[in-house]
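> attaching a predicted model along with its sequence, questions to come.
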Amino acid sequence: MKLSIESLVSGYGLLDVLHGVSIEIAEGEVVAVIGPNGAGKSTLLRTISGLVAARSGAIRYDGKEIGGFAASEIPRLGLVHVPEARHVFGSLTVEQNLIVGASAAPDAKDRKDAISEVYELFPMLSQKARELAGGLSGGQQQMLAIGRALMARPSMIMLDEPSLGLAPLVVEQMYEALDGLRRTGLTILLVEQDVYMALDFASRAYVLENGTIALAAASDVLRHDDHVRRSYLGI
Amino acid sequence: MSVELLFQAAVSGFLMGGIYALIALALALVFGVMGVLNFAHGDLLMVGMYGVVLVSASTGLSPFLAGLLIVPAMMAIGWAVFGLLIRPIVGSAPLVQAQLTIGLSFVIQSAAFLWFGADLFNVRTELGASTIHLGAIVVSVPLLIGFVIALVASGLLAWFLSATVWGYRVRATAEDPVMAQLCGVKVQRVQMWVFVGATGSLAVAAGCLMGFYHVTPVVGLQFSVLSLMIVVLGGLGDLRGAMVAALVLGVAEALAGAIFNSASAPAGLYILFGAVLLLRPHGLLGRGATV
Amino acid sequence: MNKFLQAVIGLAVAIAPLTSSPALAQAEEIVIPAIAAMSGAVAVTGQDAQKGIAVALEHINADGGVAGRPLKIQLYDTQGNPGVVRQVMERLTRLERAPVILGCEISAGTSAAAQFAEQARVPYLNSSAVSAELLERGYKWYFSDQITADTEAATVVEFFEHLMTQGDVVPALLYEDSPRGAGTIERIEALLEARGIEIAASAPYSRSDRNLLPPVKRVQTSGANVVIWAGYTEDVVTGLQAMQQLDFKPYIVGIGGGPGDVRIPQLVDRGFIEDVNLSTVDYFNPDMDRAQRFVKAYEERHGIVPSSYASMCYRGVYTLKAALEKTLESGQELTTENLRAAILEIDIPGDQLISPFSRIKFDEHGRNVGSQNLIAQWKNGGTKKVTVWPPEVAVEEPNPLN
């Protein structure tokens, strides 16, 4: 198992948001997590990446327990998190953003190669290399956020609502790039509002409602599930 | 009040402003990266000034060199202060930060009283009275040297931030510490190094000041207030704004002293401060966070 | 003091513990409070006060104490803050019920203390503040054995007139603009004007200015060759540096704590000190014979010549002792009324004082009619203050107007 989560409980302050969530993702898989707002999807990713402390349960990555790790340690293990709303460093240039993304893998030579690879994947970024990230459009910032995460040479990437606020054409382009990454063997965990896109791109999905897993099945199966169709596909 | 006298004051004030800039930059950096307004900033500078006096007195070196020599010692002090006081209050309410750093200020002042007594100390150098004449304007050489050194140091700091990988990480931490962590940046480590570096740069500023000024256990306060004003005027968190504000304040302070030449001169400074905040709440260059 | 007496005292000091003789140790201690600014911006004054008082107590108790009883002074820190002065005075007069209070406070704090003492009807003996105005308020409980700003101003103008006999004199006034500096200069200005002497420039400055080139330059361009300067140590050091940078070498007659600070030779270029004939109104001449016991004891303890401030407070303890002894020897209790009466009866001749006074005797305003100033000049390559005025107490001639 690439990522294995067992009975995870976590939350903020006095509230628990996740009430015992269990998820398994095999190497090379593309898995989606869908569900309504406030269900705990973002909290799930933030707990895995170490921003929020797990209150109980286990998180294992490549067989290693990472529950107590600091957030800055996790990318070093090969697991990166691209959070909601992109969070590019607006006062740094595109290239400087990428360089910071390589903080987990600090070898300078490696860094240059990694940057070339990111520019190959997202040619638009190389054109804007010296521009301030704060001046990019939403779609460009999303590409940058993904590119920055790739600088750590991850074996698994978690994306939180990557299509939020982006035009359909841009979303398509982004998913094309993600598909390319999938084919290189990158494991992908995807939290998506756009359920159509999510079920198209992922082979499996978990439905997270009120902090627990309500359903877990192959995308094909979920597409035909009554509850999913009514609640999330608007059918 | 002749134009020549005003010009004389403005020139001296501008050079002073350059030194203020280095001092304020250190504070601006600390505030930008860890969100702490250190009210003991001027007292840490004072520690450096005493250090320069001690080194100059025992080695005979010029204060500028002495300032460079004590950089490691000041960095060590910064490391201790960060670990004991600053790290625990990162993220705390502003009032808590203010109380604790003001407490630190008193501790440093009292220690200085105990160790050195209330007498003032200065460093006498051969350069002490040398001047350069620009027409009718007299420029004090030690002040000029201090200005140049401070400018170079500020320039190095700016270069570090804008052209090195470590500089990018510092700026990323300042802008979005959570995201920086997700990129693998050890944010607490960065904060510590920034505080250590800022305290080290105060050593250089101390050397610049001791070229022509003196130290007593109470000088810290005026420099704390000055740096705080500069940082706020420049726009909290905006480094370039802080540099501009420092030069403006240096000139304003000198002009106020020359025109009003009385104990009420500093009041002019505070009025200017209040006026700028009213008109430009985001700081002189309009790029900072509001107070 | 003759050799026999010296030997006896020396023996007593050698045998006895530092602050009291065996006989004294049996008698009941007299504890009197004193106030001074031991912390804050003017902490130097308080620290000097403490040192001066300590030596005074050592000597008094070694000599047999006050009417056979050991004397102890309890020093209270006022932080140089009039608000704190009031708090301390409240405590001393109401709670501790002090019969008399010794003041080694700066002028600002002394004003608050005097007011309080008057209301509380407790005698306050000031030895340091030079404020003349306090003696004009009609207080019955405020006494000052110290010279006043009026005495200072008169001494300066006398010395200035002496310089006038040596050539053309163009005076200018340079001063820090606090009440102390401005007040003194105001008096001098008035005296000069009354004598029809024209002032070329008057240049006040803020004490906290880091750069005094503008006011000094203003004085220079006025063509002045004699500068009367009222300042503290910080601004005098900065201002002398400015003069050096401007290559301006007037004859300087200084006033206040700055020009006479014993540490000036360590802080300023000594050659330049000589060039400007830096002289200062002083309250103490460490070379006087009658001051030697104090000076030697102080130097032994602290490795430096005592400042005027330390000497004032030493003297103040002796004035206090005189009042205490007068009360006790007439069989009376140490009460506020008795001590007030005793103070008014004191008459200590000058040769018993370390200060250059003719005597200590108080008039009905509480003013010491025997207080006197002198003018000292930095000589010996700018390393040592030497009394040069008035001629009766001068050790050397003042430098000529060049």
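Looks like it came in fine. Numbering: from 1, shown residues only, chains lettered A, B, ... in the order given.

> and the longest helix for chain B?
Counting residues, the longest helix in chain B under DSSP state H turns out to be helix B:3-34.

> for the stretch 1-150 of chain B, which residues are neighbours of chain C?
By CB under 8 Å from any CB of the partner chain, the residues of the stretch 1-150 of chain B that approach chain C are B:5, B:8-9, B:12-13, B:16, B:113, B:117-120, B:122, B:124, B:128-131, B:138, B:140, B:143. Glycine gets a C-beta too; all of them are placed from N, C-alpha and C.

> hang on, residue C:52 packs against residue C:308?
No - at 9.7 Å, residue C:52 does not count as touching residue C:308 under the criterion of CB atoms under 8 Å.

> which one's more surrounded, these two?
Neighbour tally, residue C:52 and residue C:308, criterion other CB atoms under 10 Å in any protein chain shown: the higher count belongs to residue C:52, 29 against 24.

> and stretch B:71-79, how far from the chain's centre?
16 Å (CA atoms, centre = their mean, to the nearest Å).

> so which strand or helix has the closest residue in space to residue C:395 that isn't next to it in sequence?
Closest residue to residue C:395 apart from its sequence neighbours, by CB to CB, 6 or more residues apart in numbering or on different chains: residue C:387 at 4.9 Å. If you go by DSSP states H and E, residue C:387 is part of strand C:384-389.

> on that earlier part again, hey, what's the residue nearest to residue C:395 bridged with?
residue C:376 (DSSP bridges).

> I'd guessed it sits against residue C:285; true?
Yes - here residue C:387 reaches residue C:285: they are 4.5 Å apart, a contact under CB under 8 Å.

> what is the burial count for the closest residue to chain B within chain A?
With CB to the nearest CB as the measure, residue A:104 is the residue of chain A nearest to chain B, at 2.9 Å. Residue A:104 is flanked by 24 other residues according to other CB under 10 Å.

> what are the buried residues along stretch B:49-66?
B:49, B:50, B:51, B:52, B:53, B:55, B:56, B:61, B:62, B:63, B:64, B:66 (16 or more other CB atoms under 10 Å in any protein chain shown).

> quick one: the helix or strand hosting the second one to helix B:3-34, angle?
This means residue B:50. Here residue B:50 sits within helix B:41-59, counting by DSSP H and E. Between helix B:41-59 and helix B:3-34, the angle comes out at 110 degrees (axes from the mean of the first three to the mean of the last three CA atoms, to 10 degrees).

> any idea how far helix B:41-59 is from the chain center?
The chain centroid and the centroid of helix B:41-59 are separated by 14 Å under CA atoms, centre = their mean.

> residue ranges with poor pLDDT in chain A?
Within chain A, the segments meeting pLDDT under 70 span A:106, A:108.

> quick revisit: buried members of the residues of the stretch 1-150 of chain B next to chain C into PyMOL, please.
In PyMOL, this line selects whichever of these come out buried by 16+ other CB under 10 Å:
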select buried, chain B and resi 5+8+9+12+13+16+113+118+119+120+122+124+128+129+131+138+140+143
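
> now, which of the residues of the stretch 1-150 of chain B next to chain C lie within strands?
The members of those that map onto strands under DSSP state E are B:122, B:131, B:138, B:140.

> which of the residues you listed sits closest to residue C:63?
Minimum separation from residue C:63 among these (CB to CB) is found for residue B:122, which lies at 40.7 Å.

> so the closest one bridges to which residues?
Counting by DSSP bridges, residue B:122 is bridged to residue B:214.

> how about it, what does it touch?
Neighbour list for residue B:122: B:53, B:210, B:213, B:214, B:215, C:237, C:267 [criterion: CB atoms under 8 Å, 6 or more residues apart in numbering or on different chains].

> and residue C:336, by the same measure?
C:99, C:100, C:121, C:122, C:123, C:141 are the contacts of residue C:336 under CB under 8 Å, 6+ apart.

> which residues touch the last one?
Taking CB under 8 Å, 6+ apart as the definition of contact, the neighbours of residue C:141 are C:117, C:118, C:120, C:121, C:122, C:123, C:124, C:336, C:340.

> can you add pLDDT and secondary structure and give the residues you listed back as JSON lines?
Listed next are the contacts of residue C:141 as JSON lines, based on pLDDT from 0 to 100; DSSP: H, G, I helix; E, B strand; the rest coil:
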{"residue": "C:117", "pLDDT": "95", "secondary structure": "helix"}
{"residue": "C:118", "pLDDT": "94", "secondary structure": "helix"}
{"residue": "C:120", "pLDDT": "93", "secondary structure": "helix"}
{"residue": "C:121", "pLDDT": "95", "secondary structure": "coil"}
{"residue": "C:122", "pLDDT": "96", "secondary structure": "coil"}
{"residue": "C:123", "pLDDT": "97", "secondary structure": "coil"}
{"residue": "C:124", "pLDDT": "97", "secondary structure": "strand"}
{"residue": "C:336", "pLDDT": "94", "secondary structure": "helix"}
{"residue": "C:340", "pLDDT": "96", "secondary structure": "helix"}
